[in-house]
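> using only what follows, build the 3D model:
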Amino acid sequence: MGSGVPPRVVASGNAAAPLQALDVVDRVVERYRLNMLNAPHGIPARGGVIHETSFVGPGMRRSAALAYVPSRLSMVPALWRTALPPDLVVLQTSSPRHGKVSLGIEVNVLPAALEQVRARGGLVIAQVNPQMPYTLGDGELDVDLVDLAFEVDQPLPTHAPAVLDDAAKVIGEHVSALVPDGATLQTGIGAVPDAALAGLSERRGLRIWSEMFSDGVLALERGGVLDRTVPLTASFLLGSPELYDWVTGNERVRLRRTEVTNDPTAIADQPGMTSINTALQVDLFGQVNASRIGDRIHSGFGGATDFLVGALHAPGGQALVALRSWHPRADVSAVVALLDQPATSFQPSAVITEHGVAPVWGRHEREQAQGLIELAAHPRVRDELREEAHYLGLL
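Got it, this is the predicted structure:
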């Protein structure tokens, strides 16, 4: 670390943010970079603290000191080795068992950060929470890896299943109709993914290989939908206390590091790999914006690009983008003629809204555009989109 360069603090994100431990760090370190994925509200935010991330969460979304580093999630561990070496890693862990602690519901990019901070002679601080599930897999750590630990006994943040309106239910029906028995699923969180999972109750032999999962997957497990011979693989979790209790010590669930779950080659090895992601916008060229609202970064690439590529290479695989055709708050169409901000990804298998399924992959661009207008776009904007498609040479 060169003179005058603030140290980099890498911390657990999502629902495992070690807020009390970060408060301790913040009181003793005057200037530093705080790197977290999907940071929640409550993180240190003051002059002297630079917020740094490859996936912007609510705690950093409005930050004036935001350093957004675009990266596919699978490549974030490579950043620790090269451009963004950590000096301090701050974790939230389970209580010890047999000389080990578990990263619980947030494995993700943390094992790679631990390896790099150890290689650099940096420190590891653990906020030990008896209410953190002890999950099995790559998040099990020898207690000797931790330099300083203190206990904070408190409930973890939870996420209640979304209330499904009519549009979400119809989108879920369209998505679930495309999922055959024996498929492998990657899905996220929210009304559309929840609706898609709810529509799979009659399937059998499904598998889970996902960046994360929530209570919808637990419902599939209890409904006999999942293949009992194959473990559920993910990198982090977010859901209800019931979900957290179920994963504690559960041999059925393996929390793996991001380099495994999000490796496009590993994803492509999964039979019938079906990636289900949402987006903010899709344009008539099949470009997908899942990251930006106007000129403001809203989230980031995340794992969508990893899974889109992997799913398209999988035997019988498909990469689905499912979204509402209209944004009610902004009162604008989600299907646009041409993105006016950087694309997150492009050319999924199909784009799905409450109005239908528009095939994309394997269709020439005029067919793509016509399908997106007639099958995915809201009827109130179809004439406008047809006019713009003519101007773009697509119709």
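
> how long is stretch 21-35 end to end?
Length of stretch 21-35, first residue to last, C-alpha to C-alpha, to the nearest Å: 14 Å.

> give me the neighbour count for residue 162.
For residue 162, the neighbour count with other C-beta atoms under 10 Å is 16. Heads up, the C-betas are built off the backbone N, CA and C, glycines and all.

> so what does the closest residue to it other than its chain neighbours have for phi and psi?
Spatial nearest neighbour of residue 162, chain neighbours left out: residue 191 (3.8 Å); criterion: C-beta to C-beta, 6 or more residues apart in numbering. Note on residue 191: backbone dihedrals following degrees, to the nearest 10 are phi -60, psi -40.

> what of the one 3 residues further on?
The main-chain torsion angles of residue 194 are listed as degrees, to the nearest 10 and equal phi -60, psi -40.

> in contact with it, which residues?
161-162, 164, 168, 172, 214, 216 (C-beta atoms under 8 Å, 6 or more residues apart in numbering).

> now those as CSV including pLDDT and secondary structure?
Shown next, in CSV, are the contacts of residue 194 (pLDDT from 0 to 100; DSSP: H, G, I helix; E, B strand; the rest coil):
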residue, pLDDT, secondary structure
161, 81, coil
162, 78, coil
164, 86, coil
168, 91, helix
172, 92, helix
214, 94, coil
216, 92, helix
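
> ok, the residue nearest to residue 162 touching residue 160?
No. If you go by C-beta atoms under 8 Å, residue 191 and residue 160 don't touch, sitting 11.5 Å apart.

> for the two, indicate the residue with more neighbours.
A direct count of neighbours by other C-beta under 10 Å for residue 191 and residue 160 places residue 191 higher, at 19 against 9.

> ok, now how distant is the more buried one from residue 28?
Distance of residue 191 to residue 28, computed by C-beta to C-beta, to the nearest Å: 42 Å.

> just the strands in the stretch 1-150 of the chain please.
Remark: strands assigned in the stretch 1-150 of the chain by DSSP state E, counting those that start in this stretch are 8-11, 32-35, 49-53, 66-68, 88-93, 100-102, 123-128, 136-137, 140-142, 148-151.

> tabulate these (a markdown table), appending distance to residue 185 and mean neighbour count.
Shown next, in a markdown table, are the strands of the stretch 1-150 of the chain (distance: least, C-beta to C-beta, whole Å; neighbours: other C-beta atoms under 10 Å):
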| stretch | distance to residue 185 | mean neighbour count |
| --- | --- | --- |
| strand 8-11 | 29 | 27 |
| strand 32-35 | 30 | 23 |
| strand 49-53 | 27 | 22 |
| strand 66-68 | 29 | 15 |
| strand 88-93 | 27 | 26 |
| strand 100-102 | 24 | 22 |
| strand 123-128 | 32 | 22 |
| strand 136-137 | 18 | 19 |
| strand 140-142 | 25 | 17 |
| strand 148-151 | 36 | 13 |
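
> quick one: which of the ones you listed is nearest residue 343?
Across the strands of the stretch 1-150 of the chain, residue 343 has its closest neighbour in strand 66-68 (15.9 Å, C-beta to C-beta).

> which strands or helices does that closest one pack on?
Contact partners of strand 66-68 among helices and strands, from 3 or more C-beta pairs under 8 Å, 6 or more residues apart in numbering; DSSP states H and E: strand 49-53.

> in its sheet, what does the strand it packs on sit against?
Strand 49-53 sits in its sheet next to strand 32-35 (parallel), strand 66-68 (parallel), going by DSSP bridges.

> pretty sure residue 200 sits against residue 206.
Yes. Counting by C-beta under 8 Å, residue 206 is a contact partner of residue 200 at 6.7 Å.

> mutual contacts of these two, please.
Residues touching both residue 200 and residue 206 (C-beta under 8 Å, 6+ apart) are 179, 220, 225.

> return the member of the residues you listed nearest to residue 365.
Nearest to residue 365 among the shared contacts of residue 200 and residue 206 is residue 179, at 26.9 Å by C-beta to C-beta.
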